[in-house]
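# need coordinates for the following:
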Amino acid sequence: MAAEQALVPVRALGWTAGLGNMLDKEYGTWFRTRRWLVHLLLWVGVINGFLLLVYFGDGPSKSGHHSWQKYSELIEVFFRVGGLFGSIGVITALQGAVVRERTMGTAAWLLTKPLARPAFVVSKLVANAVTVLLFIVVIPTVGLLIQMRLAFGPGYPPALPFLAAMGVLVVHQLFYVAFTVMLGTLFSARGAVSGTGIGFLISGNIVPNLWPPSLMLTPWGLTQFAPGMVLHGKLPFPVWMPVAGTLVLTAICVAVAVWRFELEEF
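I've put the predicted structure just below:
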């Protein structure tokens, strides 16, 4: 009798089967709870609040060399510090996205419905990518633009270089979304997911010193080069190289996540 009542996975037709329902569920975990408000206040407070501290650190000035120095500092802080803290935020926010479903048995229950396993993983990637980019990149960027306008007037930062640098930052954060979701399919504990993700992030401060070409192949160089794109600084090599390398690594993470979840036994 118990065997008859056991959950039996359903083989759905097509990899998109159940994707719409899963996306609705994933967005609901953000916007049908207070989670969105917590992250909104957290990241505006951390990133834009830190920019205010930098600007008023030794008193604001709107003239001459000191004004340019302040402007440069704010751009550097936004992309370097904001990129670092933002990536940590992505990892911590998504460390349980897959692990929680697996350990609680929710994933096994969902797969008794007409839900394809690739759709399960893709829904995690899409919904969380959209959400974390909104709260960690888009809204703090709007805050930065308002702060720049109030501090330096119109024209700061220049539109096209800034948009290009923002594209680089988006690629950077998308990698950590895919990387964290992939880790969730490989490990069964949140600590292992967050520890590996943050360890990889921090390695970007060490490995390039031992092997400089790693900056051309990984996301480690993206937040370092983005400020130079806005400030018209010289870059050590074309920025498309780390962007292309990061996109390839992101695609590999997605492929591994789908492959590993296909092998999961429930």
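
# wouldn't W15 be in contact with V121 here?
No - contact criterion Cβ atoms under 8 Å: W15 and V121 do not qualify, at 9.6 Å. The way it works is simple: take the backbone N, C-alpha and C, and place the C-beta from them, glycine included.

# and the two? which has more neighbours close in?
Using other Cβ atoms under 10 Å as the criterion, W15 and V121 rank with V121 on top: 24 against 14.

# that one: what's it in contact with?
Each residue near V121 by Cβ atoms under 8 Å, 6 or more residues apart in numbering is listed here: 98, 181, 185, 254, 257-258, 261.

# verify the contact between Y71 and G153 for me.
No - with contact defined as Cβ under 8 Å, Y71 does not reach G153; the gap is 10.7 Å.

# okay, the two: which has more neighbours?
Y71 (18 against 10).

# tell me the secondary structure for that one?
helix (DSSP: H, G, I helix; E, B strand; the rest coil).

# now the residue positioned nearest the centre of the chain: which helix or strand?
For the chain, the residue nearest the mean C-alpha position is Q173 (3.1 Å; Cα atoms, centre = their mean). Following DSSP states H and E, one finds Q173 within helix 159-186.

# where does the protein dip in pLDDT?
Within the chain, the stretches with pLDDT under 70 are 1-13, 58-66, 233-234, 236, 266.

# related to what we said a few turns ago, how about residues contacting the next helix or strand after the helix holding Q173?
Per DSSP H and E, the first helix or strand lying C-terminal to helix 159-186 is helix 190-203. With contact meaning Cβ under 8 Å, 6+ apart, helix 190-203 is reached by 84, 87-88, 91-92, 95-96, 99-100, 176, 179-180, 183-184, 187, 220.

# just want the angle from helix 190-203 to helix 159-186.
140 degrees (axes from the mean of the first three to the mean of the last three Cα atoms, to 10 degrees).

# buried residues in whichever helix or strand comes after helix 190-203, which are they?
Once the chain leaves helix 190-203, the next helix or strand it forms, by DSSP H and E, is helix 207-210. By neighbour count with 16 or more other Cβ atoms under 10 Å, helix 207-210 contains the buried residues P208.

# now helix 207-210 - C-alpha only, CSV.
Extracted C-alpha coordinates of helix 207-210, given in CSV (Å, rounded to 0.1, in the frame of the first residue of the first chain):
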residue,chain,number,x,y,z
VAL,A,207,45.0,33.9,-8.8
PRO,A,208,45.6,36.8,-11.3
ASN,A,209,48.8,37.7,-9.5
LEU,A,210,50.1,34.2,-10.1
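
# tell me which other helices or strands that helix touches.
Counting contacts by 3 or more Cβ pairs under 8 Å, 6 or more residues apart in numbering; DSSP states H and E, helix 207-210 packs against helix 214-217.

# gap between the helix it packs on and the chain center?
19 Å (Cα atoms, centre = their mean, to the nearest Å).

# mind listing residues that contact that helix?
With Cβ under 8 Å, 6+ apart, helix 214-217 has contacts from 207-208, 220-221, 224, 236-237, 241-242, 245.

# buried among those residues? Make that a ChimeraX selection.
Remark: buried members of those, expressed as a ChimeraX selection using 16+ other Cβ under 10 Å:
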select :208,220,221,224,241,242,245
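
# in JSON lines: the contacts of helix 214-217, plus distance to T141.
Shown next, in JSON lines, are the contacts of helix 214-217 (distance: Cβ to Cβ, whole Å):
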{"residue": "V207", "distance to T141": "28"}
{"residue": "P208", "distance to T141": "26"}
{"residue": "W220", "distance to T141": "21"}
{"residue": "G221", "distance to T141": "20"}
{"residue": "Q224", "distance to T141": "18"}
{"residue": "P236", "distance to T141": "25"}
{"residue": "F237", "distance to T141": "26"}
{"residue": "M241", "distance to T141": "24"}
{"residue": "P242", "distance to T141": "20"}
{"residue": "G245", "distance to T141": "24"}
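
# which of the contacts of helix 214-217 sits closest to L115?
G245 (33.3 Å; Cβ to Cβ).

# what's the host helix or strand of the closest one packed up against?
Take DSSP H and E as the rule and G245 turns out to sit in helix 240-263. The contact analysis (3+ Cβ pairs under 8 Å, 6+ apart) places helix 240-263 against helix 117-133, helix 159-186, helix 214-217, helix 222-231.
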